[in-house]
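**Q** Below are the sequence and a predicted model; questions follow.
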Amino acid sequence: MAEIQRGEPVEESILVECLQRAQQDSDPEAFDGLYLLFADRVYRYLLARLGDAELAEEAVSQVFLRLIEKVHMYRIAPQDNVAIFSAWLYRMAYNKMVDILRAQRRANLVDLSYADQTGETGQIEAVEHNLDFAEVLRKLQLLNDQQREVLVLRFIEDLSIAETAQVMQKSEGAVKALQHRALESLRRYLQM
């Protein structure tokens, strides 16, 4: 298996190899590869939704434990496994997030020390970026769940309209309309 670097772009062939090895042999190295490819993405998604870094880290662990239990259920497609598997994994993350939110019934804000993980903490630009990011996260909490979900998937996770539609189990047209309404609402909240 090729050397996989954490957070690198996901290549179809590497993903399929990891999935096959995880399904057939329960190969720990294959699960490590899946974790390296997707953990940071799932973390960012959950952090933006949950607003708590420690809670997001715990949720990521739970999502990947669930992946280990359920990887045999994933059916490897002839193509587009990156998009299909990503949607499947994000759906697991979404379900875990819903469980967490139901359990706590409250929204937390992101601690500014976690808002930007770029290492520029000593620079004025980084502080301004953190403040802007924290403000956007606070205003995101004012949106309804679906509006928040579409913005996180599209702009924080950088998923395409088609990938977002798969994760949210909606049509592409519905995602476009929801995104438009969400951006308009967010713009109004940010001007307040």
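**A** Good, I have the coordinates.
**Q** Check this protein and tell me which residue is nearest its centre.
**A** What sits nearest the mean C-alpha location of the chain, by CA atoms, centre = their mean, is Y45, with 2.8 Å.
**Q** For E29, what are phi and psi?
**A** phi -70, psi -30 (degrees, to the nearest 10).
**Q** Give me the distance between E29 and F64.
**A** 14 Å (CB to CB, to the nearest Å). Quick note: C-beta positions are derived from backbone N, CA and C, even for glycine.
**Q** Which one of these two is surrounded by more residues?
**A** F64 (19 against 12; other CB atoms under 10 Å).
**Q** So what touches the strand or helix carrying the more buried one?
**A** Secondary structure from DSSP states H and E places F64 in helix 53-70. Contacts to helix 53-70, defined as CB atoms under 8 Å, 6 or more residues apart in numbering, come from residues 22, 31, 34-35, 39, 42-43, 46-47, 50, 89, 92-93, 96-97, 100, 108, 110-111, 114.
**Q** are any of those residues buried, and which?
**A** Those of the contacts of helix 53-70 that meet the buried threshold are 22, 31, 34-35, 39, 42-43, 46-47, 50, 89, 92-93, 96-97, 100, 110, 114, by 16 or more other CB atoms under 10 Å.
**Q** Where helices are concerned, which of the residues you listed count?
**A** Judged by DSSP state H, helices contain the following of those: 22, 31, 34-35, 39, 42-43, 46-47, 50, 89, 92-93, 96-97, 100, 114.
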